[in-house]
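Asks: Sequence below, structure please.
(chains A and B)
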Amino acid sequence: AQKVTQAQTEISVVEKEDVTLDCVYETRDTTYYLFWYKQPPSGELVFLIRRNSFDEQNEISGRYSWNFQKSTSSFNFTITASQVVDSAVYFCALPTGGGNKLTFGTGTQLKVEL
Amino acid sequence: GAGVSQSPSNKVTEKGKDVELRCDPISGHTALYWYRQSLGQGLEFLIYFQGNSAPDKSGLPSDRFSAERTGGSVSTLTIQRTQQEDSAVYLCASSLTSSTGELFFGEGSRLTVL
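Replies: Got it, this is the predicted structure:
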């Protein structure tokens, strides 16, 4: 089966705390991409990152970082020094169906409070 | 603007009526997707259009659902004889190539079936 699992339904943190969102995937493909999207309260999903399975180096973009581990089929997302504006639902996703569609996890609702 | 545009943003209808939801993708994007997001759920793939190829309809939940894409641009998702379980946010996304690239989402059409 090809699927994405985000076991954390909801996470609440206090501003400035670090938080890690977990993503575990299953795929038959030998090469593949993984994605993270953010859905703020406005509803429009916003692309955050695409990672190729060839590249297992961690990636950092400002306060965001991603840890990709092929051995454990995980692609975790860490927000450092969280801010209220980070409050959103975060989705991990994997192309399936021969790349025709993006299969999303069920999302993790992140609430950052003052 | 230059983003994906969806209309209507909100639609309330009575059970048994037909509804049409419209998506205007980003100009030049050959790939167009429809997803459904039910309350508290992840994103459920419905249908995918790529250029002039036959669409991937594998996600349509029943024959009451259909979609067209005219001239490789605007798409209309039609739901016939709506049921209460059709209530959801219907999201449209477009991409330059396929799901291995970044998807740009619209703000969605919220459908409520009474």
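Asks: By mean pLDDT, point me to the weakest helix or strand of chain A.
Replies: strand A:59-61 (a mean of 85; mean pLDDT, DSSP states H and E).
Asks: Can you list the strands that it pairs with?
Replies: strand A:64-69 (antiparallel) (DSSP bridges).
Asks: what does chain B put close to chain A?
Replies: For chain B, the residues in contact with chain A (C-beta under 8 Å from any C-beta of the partner chain) are B:33, B:35, B:41-43, B:45, B:48, B:50, B:56, B:58-59, B:89, B:91, B:93, B:98-108. All C-beta atoms are positioned from the backbone trio N, CA, C, and that covers glycine.
Asks: and these, which are buried?
Replies: Neighbour counting by 16 or more other C-beta atoms under 10 Å in any protein chain shown classes B:33, B:35, B:42-43, B:45, B:48, B:50, B:56, B:59, B:89, B:91, B:93, B:98-108 among these as buried.
Asks: Next, residue B:68: secondary structure please.
Replies: strand (DSSP: H, G, I helix; E, B strand; the rest coil).
Asks: List the contacts of the nearest residue to it once chain neighbours are set aside.
Replies: Nearest non-adjacent residue to residue B:68, counting by C-beta to C-beta, 6 or more residues apart in numbering or on different chains: residue B:76, 5.3 Å away. The contact partners of residue B:76, by C-beta atoms under 8 Å, 6 or more residues apart in numbering or on different chains, come to B:20-23, B:67-68, B:70.
Asks: where does chain B have low pLDDT?
Replies: Scanning chain B for pLDDT under 70 picks out B:1, B:40, B:99.
Asks: circling back: just grab the bridge partners of the residue nearest to residue B:68 for me.
Replies: Counting by DSSP bridges, residue B:76 is bridged to residue B:22, residue B:68.
Asks: Just give the nearest non-adjacent residue to residue B:42, would you?
Replies: Per C-beta to C-beta, 6+ apart, closest to residue B:42 is residue A:106, 4.0 Å.
Asks: which ones are touching the one you found?
Replies: Residue A:106 makes contacts with A:6, A:9, B:41-42, as judged by C-beta under 8 Å, 6+ apart.
Asks: on that earlier part again, quick one: distance of the least confident helix or strand of chain A to the chain centre.
Replies: Distance of strand A:59-61 from its chain centroid, counting by C-alpha atoms, centre = their mean, to the nearest Å, is 13 Å.
Asks: what does it rub up against?
Replies: Defining contact as C-beta under 8 Å, 6+ apart, one finds that strand A:59-61 is touched by A:49, A:51, A:65-66, A:68.
Asks: which one of the residues you listed sits closest to residue A:16?
Replies: residue A:65 (16.0 Å; C-beta to C-beta).
Asks: What about residue 97, how many residues nearby?
Replies: No chain was given, so I picked chain A. 15 (other C-beta atoms under 10 Å in any protein chain shown).
Asks: wrong one, I was asking about chain B
Replies: There are 13 residues near residue B:97, going by other C-beta under 10 Å.
Asks: now do residue A:3
Replies: Neighbours around residue A:3, by other C-beta under 10 Å: 13.
Asks: For it, which residues are in contact?
Replies: By C-beta under 8 Å, 6+ apart, the contact set of residue A:3 is A:25-26, A:94, A:103.
Asks: do residue B:56 as well
Replies: By C-beta under 8 Å, 6+ apart, the contact list for residue B:56 reads A:97, A:100-101, B:47-48, B:50.
Asks: Mind doing that once more with 10 Å?
Replies: A:97-98, A:100-101, B:33, B:45-50 (C-beta atoms under 10 Å, 6 or more residues apart in numbering or on different chains).
Asks: If anything else comes up later, I'll come back, but that's it for now.
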